[in-house]
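> sharing a model prediction with you, sequence too.
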Amino acid sequence: MIIAIDGPTASGKGTIARALASHFGLPHLDTGLLYRAVGRQVARNGGNPDDPADALAATGFPESLLDDPELRSEASGGLASRVSIHPQVREALLARQQAFANQPGGAVLDGRDIATVIAPHAQAKLFVTASVAARALRRWAEMTAQGRTITREEIEADLAARDARDAGRAIAPLRQAPGAALLDTSALGREAAIAAAIALVEKQLTSQ
């Protein structure tokens, strides 16, 4: 069984994906982390994330980079959004993601093109979203709890820019896939969002 979860940054899709993986006993892959690793590797190399050649070279990042907590930073998220527009980068990471999705027993994957490109054959598909204001508030709370100084306005501007890049790129743009259930988490707390996601997935599975 494959569960595909797509959605913009800070919509709650990662939390929901991990909860679904635990609930259904499946392995989980945060595909966005791969792009964050590419973006971080570009920075390590002293390259330009907007340059296709520099971004492609960074897809050979070491596995250990995936454990770097810096990948969860806003800076890495911005770099990921920039390198992910390059078709060469997406192609380089495609086989890795599809192999994870198609492993025996299935898996849960979250990202921005899971149900549209990586696993359109998934048995359950969710598109998790939330308003920019709600997402910015969540990210601001996380960052201030970590002792970082940033305003909600700065985060909103960054999220809006990422949304525009992700939805506007020519290759695998962020969009709700046909047959994907929409889950708006703007007004939902963590447990309510997870419960709603489980119900939507179970409804899709029983309808097949």
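The structure has been received and is ready for your questions.
> report the central residue of this protein.
residue 111 (3.0 Å; Cα atoms, centre = their mean).
> shaky segments in the protein?
Counting by pLDDT under 70, the chain contains no low-confidence residues.
> endpoint to endpoint, stretch 120-132 covers what distance?
27 Å (Cα to Cα, to the nearest Å).
> quick check: residue 74 touching residue 158?
Yes: Residue 74 lies in contact with residue 158 (Cβ atoms under 8 Å); the separation is 6.5 Å. C-beta coordinates here come from the backbone N, C-alpha and C atoms, glycine included.
> wait, residue 173 sits on residue 163?
No: with contact defined as Cβ under 8 Å, residue 173 does not reach residue 163; the gap is 10.8 Å.
> only C-alpha atoms, please: export stretch 201-208 in CSV.
C-alpha atoms of stretch 201-208 as CSV (Å, rounded to 0.1, in the frame of the first residue of the first chain):
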residue,chain,number,x,y,z
VAL,A,201,-7.1,7.5,3.9
GLU,A,202,-9.3,4.7,5.3
LYS,A,203,-12.2,6.0,3.2
GLN,A,204,-10.1,5.8,0.0
LEU,A,205,-8.8,2.3,0.9
THR,A,206,-12.3,1.0,1.6
SER,A,207,-13.7,2.4,-1.6
GLN,A,208,-11.3,0.5,-3.9
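> list the buried residues in it.
201, 204 (16 or more other Cβ atoms under 10 Å).
> equivalent analysis for stretch 134-144, please.
Applying 16+ other Cβ under 10 Å to stretch 134-144 flags 134, 135, 136, 137, 138, 139, 140, 143 as buried.
> the closest residue to residue 5 other than its chain neighbours - how many residues pack around it?
Counting by Cβ to Cβ, 6 or more residues apart in numbering, residue 5 lies nearest to residue 110, which is 4.0 Å off, once chain neighbours are set aside. By other Cβ atoms under 10 Å, the residues close to residue 110 number 27.
> doesn't residue 110 belong to a helix?
No: Residue 110: not assigned to a helix; according to DSSP: H, G, I helix; E, B strand; the rest coil it is strand.
> give me the beta-bridge partners of it?
residue 5, residue 30 (DSSP bridges).
> got the contact list for it?
Applying Cβ atoms under 8 Å, 6 or more residues apart in numbering, we find residue 110 in contact with 5, 6, 7, 13, 14, 16, 17, 28, 29, 30, 31, 32.
> which of those residues tops the neighbour count?
residue 5 (32 neighbours).
> buried stuff in stretch 13-27?
Applying 16+ other Cβ under 10 Å to stretch 13-27 flags 13, 14, 15, 16, 17, 19, 20, 21, 24, 26 as buried.
> secondary structure element for residue 182?
Using DSSP states H and E, residue 182 falls within strand 181-184.
> for the chain, which segments count as strands?
Ranges of strands within the chain are 2-6, 28-30, 107-111, 124-129, 181-184, based on DSSP state E.
> including distance to residue 94, could the ones you listed go into a markdown table?
Below are the strands of the chain laid out as a markdown table (distance: least, Cβ to Cβ, whole Å):
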| stretch | distance to residue 94 |
| --- | --- |
| strand 2-6 | 14 |
| strand 28-30 | 13 |
| strand 107-111 | 12 |
| strand 124-129 | 18 |
| strand 181-184 | 24 |
